[in-house]
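> predicted structure and sequence below. I'll ask about it afterward.
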Amino acid sequence: MMPGVGSQSPRYGLAAHKAAPELWGCSVSSPLPHTHPLGSYAWLGIVASLPDRKLDPGAVFGPLSQLMSSSHCDLKLLITCEAGAPPSCPAPQPSSLVPVSAKWHKVPGYKRVFSVGTHGITTYNPTTLEVTNQWPYGDICGITPVGKGQGTEFNLTFRKGSGKKSETLKFSTEHRTELLTEALRFRTDFSEGKITGRRYNCFKHHWSDTRRTVGLEVTPGGIDQIDPHTNRVVCSYDYRSIEGFAEVSDYQGGFCILSGGFSRLHLFASEHRDEIIRSAIEHAGNFIGIMLRLRKDPLTFEGFVSERLGKYSSDESITSLAEFVVQKISPRHAEPVKRILALTETCLVERDPASYNIVTLKPFGEVRVCSFQLLLIRRVFALICDAENPQVFTVEFIRGQIRKYCSTERDSLLASLLDGVRASGNRDVCVKMAPTQRGQRWGLLSMPVDEEVESLHLRFLAAPPTGNFADAVFRFNANISYSGVLHAVTQDGLFSENKEKLINNAILALLSQDAEPAGPNAELEAQFQAIRRLVASKAGFQAFTQLPKFREKLGVKTVKALKRNNNGVTHAAIDMLCALMCPMHDDYDLRQEQLNKASLLSSKKFLENLLEKFISNVEHGTGALVISALLDFLTFALCAPYSETTEGQQFDMLLEMVASNGRTLFKLFQHPSMAIVKGAGLVMKAIIEEGDKEIATKMQDLALSEGALPRHLHTSMFTISADQRMLTNRQLSRHLVGLWTAENPVAMNLLKRILPTGLLAYLDSEDSVPEKDVDRMLSLSPVKNLKIASDQFGRTKVPEWQRIAGKAAKEVEKFAKEKADLVLMHWRDKMGIAQKELVFRRAYLGLHDKSNVEMGLWRCTVAHGRLGTSGGTLGLDS
């Protein structure tokens, strides 16, 4: 609801209107109570300087009821963000908007959100979300860029009143290309120049290595591929995504479209090749304002085949680490089609099960949201889990694409994908139940929003502009990165706003909500994910022990949420707890980490409830995402180096509780998700290394009876990969094999029956593994926290000028470290400053491997490599 518009005007009544599903960038909508009468298609949020006048929608467009009754909204995309986002207004059916922040050049000084909808263009006040101007497409004459190249200005021309006179307004936005692309999708509805592109008959080289007849239509916004049988647009190659064109010399009439950001090749053939390329280049310059080029050097067909997947054509990028059989749900197919969804080191690959040909490939960096719906890895925005169907999920990408699948192993697949995406460096991906509403985001999915947008949405949580708190939470999550508030520190300056106060107020607003809301689970999940975003910042992390009633209210909210027995809510709640257990921000305070852990681990009953959730899901083979989150929680509490900040009594209590359920833990070593196997291995390693002799012996016996030892022996010897995740798992397996065989004659006899004598001799060797293959696991670096603590305690932060001063400054820093205790102790005594020294839990070194298993298994890996290249005998040449 928009303040001053919604409930006070009958034309904008907000009664019981449902949320809008999205087609561009997300699938189905989150609970949004209303949508705009002119539609809400892909918000291109333009902060614009506009005239300080508010048009009467009824006077300008006639009765809005006519527009509302015919409005239809599919998608929302917000492209730029110097100001607020467009509101959602009531409509019987959902509509879609494209808002963008821009400046109006005639009357500067007013920021506005410029929204492209399915039935018109609307501008909004960013702080109140009120409508300030509206232009139905029937009144719009055209929208064009000002100048060519990477400019920011564009013109909007529209009719004035009922006459033939027109007026042109000039705007500017950093995201002009995206805004024009979305606006031109509605070009056929414009009052003048209903531009339709020319259609060409072509052949496309299909992934199945066949030629298929298609139609190509060169439009102002891109090149549409059309099915000649149904006359339906199958896909569009937007000019903004095209990197260029290349002719294919030995393929008659052949040319390739390079797109996707990684030079993905799409091969077409037409007798009008030159005309198609020339027309596309002209349209891109005239209507979008970007320059496309034809490559000077043509490709060969053989070159196309070998480089079809662009920079991800190498074996490393397409070799599967894990595979899942899925059913793909796509508008291209009347019925779901069977596919193999493969996770590689860098990509999410879709293969045809009959031929094993690659159908599509997406880099992990494009995945943005995981909400039981899923897609790419580094390019993935989110993963979406269908709340109604336990097998359906969707993947949202940062470029706006959506892929929908169905799998019997959905949660295991999502847990593996989530681990892969985050391992690739994409920390902003998350899993949720409700798809992202593009109209709620005030910027591109591919980049974080700016500081002003973050501040506005922090205020929206404390005082929702629509009067709907759930709407404010979904808007907050759509705009704030899952890795936390980026601009969370108050800047120096007379008029700088207090960011810590904004974050604390937002936290209090979330905690003030009823712990058992009557709304759907998606709303409660969104609240936990909003809290997670806040505590991932330094101010939010510190607020857990400093903000009054924070711990008590959060504890009650979490316990009641766990009682819902909903996997989506449970996963969100535990993931939020993990962000409080281990800081997700840089330059963090280890003392604060200790305080947070001490509070979270203080209740034995609460820990028992978490372990009950863990055991129940493992025993029933369900809730892979919940299991993965709980393993993260246990890792931060029990596994080095994180366990160094866990209090000794709490550590011993939790370790004993987990060890008493050892058989349940061993079941996870057979789990299809590599991420869960790794997490279980880390916890197992901590139990054996820091538990007493009785616990360690029990774990060794279970390793044999549950078949875990042979599995990890295989992983430790035969894993050959350049992927850090795979190498980490191999290193972990080697440590587990060493611990399970230490002082265990039964296990050693098993190794003697498996390995050649030549390799067994290395178990007694004093040689060490080469440095490049030394331990790759972060958890095996026990000096990490000690180093951080020494940096924080006993010396001040090194000035920026000193860090960049080169070799001389490094020498000064080295000297300062050596003398820091003496010099700064004098400073503290002189000024009367007291600082509590950090005290780490002393690790108990229980059972440990005395044989050189690490060297023996490394030699096995080397011998296996030689066997594959020279045909030697495993171990006999050693």
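Arrived safely, thanks for sending.
> low-confidence ranges, the stretch 501-650 of the chain, go.
The stretch 501-650 of the chain contains residues with pLDDT under 70 at 515-519.
> again with the stretch 651-800 of the chain
Using pLDDT under 70, the flagged stretches of the stretch 651-800 of the chain are 722-725, 770-800.
> which residues of it fall in helices?
Remark: helices assigned in the stretch 651-800 of the chain by DSSP state H, counting those that start in this stretch are 662-667, 674-690, 693-705, 708-718, 724-741, 745-754, 757-760, 784-792, 800-803.
> which ones are touching the nearest residue to Asn729 once chain neighbours are set aside?
Closest residue to Asn729 apart from its sequence neighbours, by C-beta to C-beta, 6 or more residues apart in numbering: Lys678 at 5.4 Å. Where C-beta positions appear, they are placed from N, C-alpha and C, glycine not excepted. Residues in contact with Lys678, defined by C-beta atoms under 8 Å, 6 or more residues apart in numbering, are 419, 725, 728-729, 732.
> grab the nearest non-local neighbour of Leu554.
Leu511 (6.3 Å).
> burial measure for the one you found, as a count.
Using other C-beta atoms under 10 Å, Leu511 has 18 neighbouring residues.
> now swap in Thr210 and tell me
Neighbour tally, Thr210, other C-beta under 10 Å: 9.
> so what's the residue count around Glu647?
Using other C-beta under 10 Å, the number of residues around Glu647 comes to 15.
> against Asp692, how distant is it?
The gap separating Glu647 from Asp692 is 19 Å, by C-beta to C-beta, to the nearest Å.
> likewise for Lys560?
37 Å.
> do the same with Val113
Distance from Val113 to Asp692, by C-beta to C-beta: 62 Å.
> who's more crowded, these two?
Using other C-beta under 10 Å as the criterion, Val113 and Asp692 rank with Val113 on top: 33 against 14.
> for that one, name its beta-bridge partners.
Beta bridges link Val113 to Ser101, Tyr124, judged by DSSP bridges.
> Tyr124 is in contact with that one, correct?
Yes: assessed by C-beta atoms under 8 Å, Val113 is found in contact with Tyr124 at 4.2 Å.
> list the contacts of the closest residue in space to Ser249 that isn't next to it in sequence.
Nearest non-adjacent residue to Ser249, counting by C-beta to C-beta, 6+ apart: Pro298, 4.3 Å away. Applying C-beta under 8 Å, 6+ apart to Pro298 gives the contacts 246-249.
> what does the pLDDT read for Pro298?
At Pro298, the model reports a pLDDT of 94.
> can you list the weak-confidence ranges in the stretch 301-450 of the chain?
Along the stretch 301-450 of the chain, segments meeting pLDDT under 70 span 366-380.
> give me the number of residues near the residue nearest to Tyr251 when sequence neighbours are not counted?
Nearest non-adjacent residue to Tyr251, counting by C-beta to C-beta, 6+ apart: Phe301, 4.9 Å away. Counted by other C-beta under 10 Å, the residues lying close to Phe301 total 14.
> enumerate every residue touching Phe301.
Going by C-beta under 8 Å, 6+ apart, Phe301 touches 248, 250-251, 254.
> at 7 Å what do you get?
By C-beta atoms under 7 Å, 6 or more residues apart in numbering, the residues touching Phe301 are 248, 250-251.
> highest neighbour count among the residues you listed?
Of all the contacts of Phe301, Val248 has the most neighbours under the rule other C-beta under 10 Å, reaching 23 neighbours.
> Gly254 is in contact with that residue, correct?
Yes: Val248 is within contact range of Gly254, at 3.4 Å (criterion: C-beta atoms under 7 Å).
> helix, strand or coil for His556?
Heads up, residue 556 is Val, not His. Following DSSP: H, G, I helix; E, B strand; the rest coil, Val556 is assigned to helix.
> that one and Lys549: what is the separation?
From Val556 to Lys549 the distance is 10 Å (C-beta to C-beta).
> neighbour-wise, which of these two wins?
A direct count of neighbours by other C-beta under 10 Å for Val556 and Lys549 places Val556 higher, at 13 against 10.
> distance check, that one against Phe287.
Going from Val556 to Phe287 by C-beta to C-beta gives 56 Å.
> kindly report the same for Gln700.
Distance of Gln700 to Phe287, given as C-beta to C-beta: 70 Å.
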